[in-house]
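Peer 1: got a predicted model here, sequence first, then my questions.
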Amino acid sequence: MIYFYALIANGANKKQIPKSFINALNMLLELNMLDDFGTSYKLKPTFVIGSIDVSQKGLFFVKSFNNAHQNDFRLMDISKHSRLKKGDIVLAKIKKLKGKGKGVLHLAKVLYATKPYALGVLVEKKGAIKALELDSKAQKEHYITLKASQKSLRAMPKHCVLKIDMNNGEIVEVLGVLADAHIDEKIALSPYNRPLNFSQKARDFAFGDEVCKQMYPHREDLTHLPFCVIDPQDARDHDDGIYFDSKNRILYVAIADVSEYVNAKSELDKEARARGFSLYFPHKVLPMLPFELSSGICSLKAHKVRLAMVWAISLDKHAQVLHSKLFEALICSHANVSYEQVEAFLNKTEPKTSPIPLVVKKWLKSYVPYVKKCKAARLKNGYEFSSQEIHLELDSKGEIASWKKIEQNLAHSIIEESMLLANVQSAHMLNEHIQKGIFRIHPPPKEERIKELMCELRRMGFTIPKSAKLHKIIASIQHSAHKSDMKEVIDSLIIKSFAKATYSVKNMGHFGLGFECYTHFTSPIRRYSDLVVHRILKAFLHKSNTLNFLLEGLYAIAQEINVKEKQISFIEQDFYQRKMIRHTQKLLESSTPLICQALVINEVSHALALDSIPHVRILLPCEFARFELIEVVITQVDLLRGIVYGKPLHYEEYKAKDKPAKKTHKKSSKRDKKTKPLTESRRKKRAKDV
């Protein structure tokens, strides 16, 4: 559905519109919502088609499918439309607010309603078995009316998790029991109906393990070059390999040529597009492509001949790009190694039996100075933030056995800078020669968000440099934060004030990276956007008539990918939180007291754990100044509602500070608030944001 409505929102050639959407098209025509330009239709400019998003505060927004709309629209009069849900596609009329430049929307019609399913866990309440909705963001406990007898419900295991049709209360599926940690994956996946298996039709086209060089005489044979693939230790697929010719200062970036095996509009392509991305859990991957491709013939395995798209990038002595060339090639990786192994080699701490061949070590060592120069040049305009990634190791029960923060090192920089160079060159080719494609864009932050950020940083004690350039201000603050061991906290605040990167058919630059032009080219095994870019660039190189065919419907594809990217993020976050909440419960049972450092994330009563249980949201019994750093004692874990409760380490002192003061006529402000104890009822109300 997104494909059709995104086409209409951006202007659709009548020949592009699939026959399966004729009824939807006729409905919009009958409502007089479309402008007819003879060969194309486009939504009238006073209307918006987009998908519903709901904020943590319960506000409804519409994310427009029109690429010209960079910001989400606030949807008004929600009380009249109580059945609206996140993910619904709506048609709405733009209405300008008086005295303000921003527009708001009034709902005209729900074009597509997502299936009204919810997850519930069986609990006993006042002598009856009920289904408590599994939604940790809910303002209060919500029980779902089930179309089932008490006798049948009592026959089910304790805390059984059900998928329920909200239209009639029928139980659609029994997922398992909440006590079983393996259920976390099912719970995280359930709202998005992501297919777990590939159809037989798709798998029929996913085969092969060996590449016969004789079948590709037109490709440049680079199998003699000592390419190296560097990935995390637990990598399941290998998209990219690099080689640096130190004598001629040429960097070769080889990317798996997935487009050779996945044709546009084929069954394989349809299923890859439906997924959008590979989904990575700590214990498994749900690939965008069948394993026969993603971990087989497409993956750049060591000592295996593979098809690749290769950028040969010539650098000067300052690591600036002189010229570049994209071509189809055959490559053979001489080694597949981990970041840790490369870092050990660079630090001269590797074991005697090194997995890295001498020929690879030689060029790696000569490439390092160029990597450092590339990064230094990039950071003159772009930004660098500390890694927030946490790697989980799960045991056989599906619980956390251990976790660690991913520390970025020089080995990561080698791959990162190489991939950035290839992505930028790909973006320039799209922008200069085709003027269309799938670009990765990141708009500059809004002025009001930056003002808010500066106010918060001043309140935290940071001195804001008197500089007109935001880049210098941010760099100075990051430097100060690093000296005071607050880099991760400050980086989080800065990132929250920035806009989010998205995909777009038109180039708009990438603010965060500091690039005028950017795309994703280097991961076609796990990102559909990269696969689309490969096809377009190959068609351009071959001067193929298929180029126009590939450019059709790009607006819709970009919108689909944006939606899928959000879904993947929500799934991964939900899974992580559930695992960490279980881990917190386990720690609390075995270690009392459980104390952690936390950052207050709003002026209500929520904090984010930073150390022993990183990124876990904690509900506090009192209010704090936003972004205050406090020590928290974990007091309770509610696995049913997915809430971790805590209190300040010296809670009695906080309460003493909040004794009633003499009445004055001075108007209080939120910034003056320090702590405010919550009653039990208010505490439950605050749970909605956890």
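Peer 2: That came through, no problem. Numbering: from 1, shown residues only.
Peer 1: buried stuff in stretch 170-189?
Peer 2: Under the neighbour-count criterion of 16 or more other Cβ atoms under 10 Å, stretch 170-189 has 171, 175, 176, 177, 178, 181, 183, 184, 185, 187, 188, 189 buried. Just so you know, the C-beta spots here come from the backbone N, C-alpha and C atoms, and that holds for glycine as well.
Peer 1: inside strands: which ones of the residues you listed?
Peer 2: Using DSSP state E, 171, 175, 176, 177 are the members of these that sit in strands.
Peer 1: okay, the residues you listed in CSV with pLDDT and distance to residue 256 next?
Peer 2: Below are those laid out as CSV (pLDDT from 0 to 100; distance: Cβ to Cβ, whole Å):
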residue, pLDDT, distance to residue 256
171, 96, 43
175, 96, 35
176, 96, 37
177, 97, 41
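Peer 1: closest to residue 527 out of these?
Peer 2: Comparing those against residue 527 with Cβ to Cβ places residue 175 closest, at 28.9 Å.
Peer 1: for the closest one, what are its contacts?
Peer 2: Taking Cβ atoms under 8 Å, 6 or more residues apart in numbering, we find residue 175 in contact with 119, 161, 162, 163, 183, 186, 187, 190.
Peer 1: for the stretch 151-300 of the chain, what spans make up the helices?
Peer 2: 183-189, 200-203, 267-275, 291-292 (DSSP state H, counting those that start in this stretch).
Peer 1: likewise the stretch 401-550 of the chain?
Peer 2: Counting by DSSP H, counting those that start in this stretch, the helices of the stretch 401-550 of the chain are 410-429, 447-459, 470-483, 487-497, 528-541, 546-551.
Peer 1: ok, which of those comes nearest residue 134?
Peer 2: helix 487-497 (26.8 Å).
Peer 1: would you mark the buried spots in the closest one?
Peer 2: Residues of helix 487-497 classed as buried by neighbour count (16+ other Cβ under 10 Å): 487, 488, 489, 490, 491, 492, 493, 494, 497.
Peer 1: go through the chain and flag its longest helix.
Peer 2: Longest helix in the chain by number of residues, with DSSP state H as the criterion: helix 554-590.
Peer 1: tell me the buried residues in that one?
Peer 2: Using 16+ other Cβ under 10 Å as the test for burial, helix 554-590 gives 554-568, 571, 574-585, 587-588.
Peer 1: for stretch 393-402, same thing?
Peer 2: By 16+ other Cβ under 10 Å, the buried positions in stretch 393-402 come out as 394, 398, 399, 400.
Peer 1: what does stretch 37-55 give?
Peer 2: Buried, per 16+ other Cβ under 10 Å, within stretch 37-55: 40, 41, 42, 43, 47, 48, 49, 50, 51, 52, 53, 54.
Peer 1: can you tell me which of those are in strands?
Peer 2: 40, 41, 42, 43, 47, 48, 49, 50, 51, 52, 53, 54.
Peer 1: list the contacts of the spatially closest residue to the first one that is not a sequence neighbour.
Peer 2: The spatially closest residue to residue 40, leaving aside those adjacent along the chain, is residue 13, at 5.1 Å (Cβ to Cβ, 6 or more residues apart in numbering). Taking Cβ under 8 Å, 6+ apart as the contact definition, residue 13 lies against 39, 40, 552.
Peer 1: with residue 487 instead?
Peer 2: 386, 478, 481.
Peer 1: switch to 6 Å and redo it
Peer 2: Neighbour list for residue 487: 386, 481 [criterion: Cβ atoms under 6 Å, 6 or more residues apart in numbering].
Peer 1: now do stretch 186-203, average pLDDT.
Peer 2: For stretch 186-203, mean pLDDT rounds to 92.
Peer 1: okay, now residue 650: neighbour count?
Peer 2: The number of residues packed around residue 650, counting by other Cβ atoms under 10 Å, is 12.
Peer 1: need the three-state assignment for the closest residue to it other than its chain neighbours.
Peer 2: What sits nearest to residue 650 in space, not counting adjacent residues and going by Cβ to Cβ, 6+ apart, is residue 631, at 8.0 Å. Three-state assignment for residue 631 (DSSP: H, G, I helix; E, B strand; the rest coil): strand.
Peer 1: so what sits opposite residue 631 in the bridge?
Peer 2: On the basis of DSSP bridges, residue 631 is bridged to residue 597.
Peer 1: equivalent analysis for residue 220, please.
Peer 2: Bridge pairing for residue 220 - DSSP bridges - gives residue 329.
Peer 1: what do you get for residue 94?
Peer 2: Residue 94 has these beta-bridge partners by DSSP bridges: residue 105.
Peer 1: separation between it and residue 629?
Peer 2: Separation of residue 94 from residue 629 (Cβ to Cβ, to the nearest Å): 42 Å.
Peer 1: same question for residue 283.
Peer 2: For residue 283, the distance to residue 629 - Cβ to Cβ - is 33 Å.
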